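S.K.: Just to be clear, the model below is a prediction. Sequence and coordinates:
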Amino acid sequence: MNKILKIVNLKKNFGAITASNNINFCLETGEIHALIGPNGAGKSTLIKQIMGEIKQDSGEIILSGINISNFKTEDRIHLGFARSFQITDVISDFTIFQNVLLAKIGKEKTFYNFYSSVDSIEFSFQEIKSILIKIDLWDKKETAASLLSHGERRQLEIGIALALDPKLILLDEPMAGLSLDKIEKMKVIFNQIKNDVPILLIEHNMDVVFSIADRISVLVNGKIIASGSSSEIKSNLDVRKAYLGTA
Amino acid sequence: MISEKNISYISLISIFLIAIFSEYFNEPYLITLLSRIIIFSIAAIGLNLVLGFGNLISFGHAAFFGLGGYVSGILAIHAFNSELLISWPFLFNGSNNSLIIWLFSIFFCSLLALLVGVFSLRTSGVYFIMITLAFAQMLYYFAISWPSYGGEDGFSIYVRSTLFGINTMKGINFFFICFFWLLIILFITSKIVNSPFGLALRATRFNLTRVRSVGINPFRIQLIAFVLSGAITGIAGSLYVDLNRFVSPSLLSWQMSGEFIVFILIGGLGRIYGPLIGAAFFVAFEQFFGSYTEHWQIFLGIIIISTVLFAKGGIIGFMLKYQKK
């Protein structure tokens, strides 16, 4: 297994509050690695540090052997980070196609191209088509994102992430607010994608986590208290204590 | 069939034809009016690039219009009087060659736009409006208090600048120059808007976090757009001064910035030809109602209010909607 993302001794304090307390973990090729933990455990803070939106106090973040601890968000994205948001966040006045195209333009750094029409750019069409087929939205490519259902927006988010041709994808509660059949559909999409791109999954729905995650890390009070497969985590005493208050 | 394209082509062709007929029937005043429409629309097209497509409400584009005007005026007056403009690093007497004048205007207006953009793009919303306005007002008061170039009264430049030996003092010839500029600017802006850069710019209008998250630095995109926009509006300022052969601080006034916004709103926000339609409507309206009453702006106010309330897409948007029904 190849370690795509490695986090070493990451620390972050907000005043007296320790949001990240010596966090170590890694994401490997071909896996879905779920990060779980109760509210306020420091999941968002960790993700923000990984994305470079806030700076860690100490520790290192390593992406495929490159130390990116001091990189800006945009540079991390160019190196291969893709993220979908906790709050579904697409450009609602753009069509599905345009949303994915924008990501492609960001990835290919063609945003300083002032002269060629977006319709005529060679790379875009075929690649975007294959992405839209993967996320099952090809039929709706000309639909404005504002007209999509909640679940379809999530799918689009994944599509945008894929367009960035990432080394890893960070999914922040992708299942929140989805109906059961939509969740099943998303599971299928994730299981397909993970072979191309490993996924770091933040998710509250435990059924989902236990059914699709290859590995799970549990974050409590800024510390990773356990890490392992579904069955290991299910039987871990510390985890049960943190979640249920009893051992 | 009414489509945005057709409306645009028809308006371009009719302006051109009216000018030709005016020349034929010897109506120089009408030709001047048409040149004015074109120059105003170039200025507003520049503004529309950031306002319509990037949702950056600049209330200070008169700064670029005025700077373009002053740059041309100063170059021209020095050339006319054979007065030294700068003595270092080389002697320079100004110029009355249009190409040189335009080059200088573009250069200085881009520079100013870069400066204004670097500061103002760090803000958004109301703050952006106010800071762009503040920059323009600074220039305005500077011009008023600058006695070498006429201060509050401005100054006249007597003759238009020359281009390839064309007699630019002849109204129709100058109209052709303006019209040619309009075509160039329309071509450039439509290219930009439909390019990957344009898509990124339009995306910054809705969602900066999303733009950043796909690896695009929205600040740079907006800054480049702002510089392009300032340069385009600067060209218009250059042409305007040449048209009137007169430079005054009123070019820099906030009313001027406001009028550019009005052209865009009336014509259609975020539409490439919107400013042209808006400026044509504005000038025609001013001529028509202005001949009845000096309070013609009351009627303009009613038009603006109804546009904002009932026809958000401006004239073009209204026509397209009407067509659908």
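M.R.: Yep, it's here. Computed from a prediction, not measured in an experiment: that's the story for all the values here. Numbering: from 1, shown residues only, chains lettered A, B, ... in the order given.
S.K.: quick one: residue A:6 is in a strand?
M.R.: Yes. Assessed with DSSP: H, G, I helix; E, B strand; the rest coil, residue A:6 lies in a strand.
S.K.: Check the gap between it and residue A:22 for me.
M.R.: Per C-beta to C-beta, to the nearest Å, residue A:6 is found 14 Å from residue A:22. For every residue, glycine as well, the C-beta is placed using N, CA and C.
S.K.: residue ranges with poor pLDDT in the stretch 201-325 of chain B?
M.R.: B:324-325 (pLDDT under 70).
S.K.: And stretch B:217-234, what's buried?
M.R.: Within stretch B:217-234, the residues that count as buried by 16 or more other C-beta atoms under 10 Å in any protein chain shown are B:217-219, B:221-234.
S.K.: quick revisit: more crowded one of residue A:6 and residue A:22?
M.R.: Higher neighbour count among residue A:6 and residue A:22: residue A:6, with 17 against 14, using other C-beta atoms under 10 Å in any protein chain shown.
S.K.: Report the beta-bridge partners for that one.
M.R.: As for beta bridges, residue A:6 partners with residue A:26, residue A:62 under DSSP bridges.
S.K.: For it, report the pLDDT, please.
M.R.: Note on residue A:6: pLDDT of 87.
S.K.: now swap in residue A:34 and tell me
M.R.: For residue A:34, the pLDDT comes out at 90.
S.K.: ok so it is a helix residue?
M.R.: No. Going by three-state DSSP, the assignment for residue A:34 is strand, not a helix.
S.K.: Just grab the bridge partners of it for me.
M.R.: Residues in beta-bridge contact with residue A:34 (DSSP bridges): residue A:201, residue A:216.
S.K.: Quick one: residues contacting it.
M.R.: By C-beta atoms under 8 Å, 6 or more residues apart in numbering or on different chains, the residues touching residue A:34 are A:201-203, A:209, A:212-213, A:215-217.
S.K.: and which of those is nearest to residue B:308?
M.R.: Minimum distance to residue B:308 across these is 43.4 Å, recorded for residue A:202 (C-beta to C-beta).
S.K.: Look up the pLDDT of that closest one for me, please.
M.R.: pLDDT, residue A:202: 87.
S.K.: what sits against residue 51?
M.R.: The chain I'm using is chain A. A:73, A:76, A:81, A:83, A:170.
S.K.: wait, I meant chain B there
M.R.: The contact partners of residue B:51, taken as C-beta under 8 Å, 6+ apart, are B:57-58, B:261, B:264, B:269.
S.K.: List just the nearest of those residues to residue A:47.
M.R.: Closest approach between the contacts of residue B:51 and residue A:47, by C-beta to C-beta: residue B:57, at 33.6 Å.
S.K.: tally of neighbours for the closest one?
M.R.: 15.
S.K.: any idea how far residue A:180 is from it?
M.R.: 45 Å.
S.K.: What of residue B:52?
M.R.: According to C-beta to C-beta, residue B:52 and residue A:180 sit 44 Å apart.
S.K.: Any idea what the spatially most central residue of chain A is bridged to?
M.R.: Closest residue to the average C-alpha location of chain A: residue A:170 at 1.2 Å, with C-alpha atoms, centre = their mean. Per DSSP bridges, the residues bridged to residue A:170 are residue A:83, residue A:200.
S.K.: average pLDDT across the host helix or strand of residue B:133?
M.R.: Assigned by DSSP states H and E, residue B:133 belongs to helix B:126-144. For helix B:126-144, mean pLDDT rounds to 91.
S.K.: Need phi/psi at the residue of chain A most remote from its centre.
M.R.: Taking C-alpha atoms, centre = their mean, the residue of chain A most remote from its mean C-alpha position is residue A:115, at 33.6 Å. In terms of degrees, to the nearest 10, the main-chain angles of residue A:115 are phi -110, psi -30.
S.K.: Which stretches in chain A count as helices?
M.R.: Applying DSSP state H to chain A gives helices spanning A:43-51, A:73-79, A:96-108, A:122-134, A:150-163, A:180-193, A:206-212, A:230-235, A:237-244.
S.K.: typed the wrong thing, it's the stretch 101-250 of chain B
M.R.: B:126-144, B:171-194, B:196-204, B:208-213, B:218-244 (DSSP state H, counting those that start in this stretch).
S.K.: Report the contact partners of residue 232.
M.R.: Picking chain A for this. residue A:226.
S.K.: nope, chain B
M.R.: With C-beta under 8 Å, 6+ apart, residue B:232 has these contacts: B:42-43, B:45-46, B:49, B:185, B:188-189.
S.K.: and which of those residues is nearest chain A?
M.R.: The nearest member of the contacts of residue B:232 to chain A, counting by C-beta to the nearest C-beta, is residue B:188 at 8.4 Å.
S.K.: Pull the contacting residues for the closest one.
M.R.: residue B:232.
S.K.: residues in chain A within reach of chain B, list them.
M.R.: By C-beta under 8 Å from any C-beta of the partner chain, the part of chain A that sits against chain B consists of A:73-74, A:77-78, A:83, A:85, A:89-94, A:98, A:101-103, A:105-107, A:109-119, A:121, A:160, A:163-164.
S.K.: Filter those residues down to the buried ones.
M.R.: Buried among the residues of chain A next to chain B by 16+ other C-beta under 10 Å: A:73-74, A:77, A:83, A:85, A:89-92, A:94, A:98, A:101-103, A:105-107, A:110-111, A:113-114, A:118, A:121, A:160, A:163-164.
S.K.: burial count for the residue nearest to residue A:227 when sequence neighbours are not counted?
M.R.: Nearest non-adjacent residue to residue A:227, counting by C-beta to C-beta, 6 or more residues apart in numbering or on different chains: residue A:217, 4.4 Å away. Under the neighbour criterion other C-beta under 10 Å, residue A:217 is assigned a count of 23.
S.K.: these two touch, right, residue A:217 and residue A:32?
M.R.: No. In this structure, residue A:217 is not within contact of residue A:32 by C-beta atoms under 8 Å, at 11.9 Å.
S.K.: mind showing which ranges of chain A have poor pLDDT?
M.R.: In chain A, residues with pLDDT under 70: A:1, A:84-88, A:122-123, A:244-247.
S.K.: Kindly recompute the last result at 50.
M.R.: Counting by pLDDT under 50, chain A contains low-confidence residues at A:247.
S.K.: So residue A:238 versus chain B, what's the distance?
M.R.: Per C-beta to the nearest C-beta, to the nearest Å, residue A:238 is found 34 Å from chain B.
S.K.: and the nearest residue to residue A:208 once chain neighbours are set aside, how many residues sit next to it?
M.R.: Distances taken as C-beta to C-beta, 6+ apart put residue A:175 closest to residue A:208, at 5.3 Å, once the chain neighbours are dropped. Using other C-beta under 10 Å, residue A:175 has 21 neighbouring residues.
S.K.: residues contacting residue A:175?
M.R.: A:183, A:186, A:203, A:205, A:208.
S.K.: what's it sitting at in phi/psi?
M.R.: Torsion angles, degrees, to the nearest 10, at residue A:175: phi -90, psi -10.
S.K.: Assess the claim that residue B:129 and residue B:59 are in contact.
M.R.: Yes. The criterion here is C-beta under 8 Å, and residue B:129 meets it with residue B:59 at 4.7 Å.
S.K.: quick one: which of these two has more around it?
M.R.: residue B:59 (22 against 18).
S.K.: Tell me the secondary structure at the more buried one.
M.R.: With three-state DSSP as the basis, residue B:59 sits in coil.
S.K.: Just want to check the distance between it and chain A.
M.R.: When distance is defined by C-beta to the nearest C-beta, residue B:59 is 24 Å away from chain A.
S.K.: from memory residue A:60 sits against residue A:5, does it?
M.R.: No. Counting by C-beta under 8 Å, residue A:60 stays clear of residue A:5, with 11.2 Å between them.
S.K.: of the two, who's got more company?
M.R.: When residue A:60 and residue A:5 are compared for neighbours, residue A:5 comes out ahead with 22 against 14, by other C-beta under 10 Å.
S.K.: That one: what's its closest spatial neighbour, skipping adjacent residues?
M.R.: residue A:27 (4.2 Å).
S.K.: Determine the number of other residues adjacent to the one you found.
M.R.: Residues contacting residue A:27 under the criterion other C-beta under 10 Å number 25.
S.K.: Appreciated, that's everything.
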